[in-house]
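Visitor: What follows is a predicted structure for the sequence shown.
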Amino acid sequence: MDIQDIESDITEVLLSEEQIAETISDLARRIEADYGDDDDLLIVGVLRGAVMVMADLARALRIHLTMDWMAVSSYGSGTQSSGVVRILKDLDTDITGRKVLIVEDIIDSGLTLSWLLANLRTRGAESVEICALLRKPEAVKVELDVKYVGVDIPNAFVVGYGLDYAEKYRNLKSIGVLAPHVYS
Ligand SMILES: O=P(O)(O)OC[C@H]1O[C@H](OP(=O)(O)OP(=O)(O)O)[C@H](O)[C@@H]1O
Ligand SMILES: Nc1nc2[nH]cnc2c(=O)[nH]1
Ligand SMILES: [Mg+2]
């Protein structure tokens, strides 16, 4: 199987490589403006989907920051949230008094982030905010205060740029809608 075959599983490209880069750059400018260079920002990437966003956002930010990772999972290998959030890897950092920015690839049901936000807010951080590259319409159903959203997208299952289906497609450079023939 070559790259051509992988891309034939995508019915529509929602964000090209260039559009992703522009979106990340816009997010970085807003985050820089809000945090300034006070040496205190900790960005927390949510493994594994947010790996690409973290890598590119961190490099787009022209301020000092530190990075940490959490792994939580609510999806298993399907396309529907199981509703159960599990911590697979916790922070290595004590966030007491820190300014924390959670970095995510997508907000769909909002379940993962509302759980994570509540969890991190019990740990004595000065602030905990959210930056997500993508947000789907379902997210409006949960009360979730998201400070930075890249793009609002339609309600379709998307893959690429970190986003997987059964652990595949994360390595695509663009973000697109997965063809139904792949999972039906
Ligand atoms: O808003 P929600 O409905 O909770 O969905 C969003 C979450 O689902 C995906 O992660 P997943 O749990 O599939 O694991 P992954 O990051 O390892 O792909 C995605 O990366 C978000 O973290
Ligand atoms: N890959 C992928 N993971 C998700 N998790 C929640 N929504 C989505 C989605 O649209 N695509
Ligand atoms: Mg995830």
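Guide: Here it is on my side, so go on. Numbers count the residues shown, from 1 in each chain. Ligands and ions are numbered 1, 2, ... in the order given.
Visitor: Residues in a beta bridge with E104, which ones?
Guide: Beta-bridge partners recorded for E104 (DSSP bridges): A132.
Visitor: oh, I was asking about I87
Guide: Residues in beta-bridge contact with I87 (DSSP bridges): V72.
Visitor: can you pull out the strands in the protein?
Guide: 10-15, 41-47, 65-73, 86-89, 99-107, 127-135, 148-152, 158-159, 175-178 (DSSP state E).
Visitor: excluding its backbone neighbours, what's nearest whichever residue of the chain sits closest to ligand 1?
Guide: Closest approach between the chain and ligand 1, counting by CB to the nearest ligand atom: G49, at 2.6 Å. (C-beta placed from N, C-alpha, C; glycine too.) Nearest residue to G49, sequence neighbours excluded (CB to CB, 6 or more residues apart in numbering): D105, at 4.0 Å.
Visitor: ok, that neighbour - how many residues close by?
Guide: Counted by other CB atoms under 10 Å, the residues lying close to D105 total 26.
Visitor: Pretty sure it sits against G162.
Guide: Yes: counting by CB atoms under 8 Å, D105 touches G162, with 4.8 Å between them.
Visitor: which residues do these two both contact?
Guide: 49-50, 52-53 (CB atoms under 8 Å, 6 or more residues apart in numbering).
Visitor: got the buried residues for stretch 152-167?
Guide: Neighbour-count burial for stretch 152-167 flags 153, 157-165 (criterion: 16 or more other CB atoms under 10 Å).
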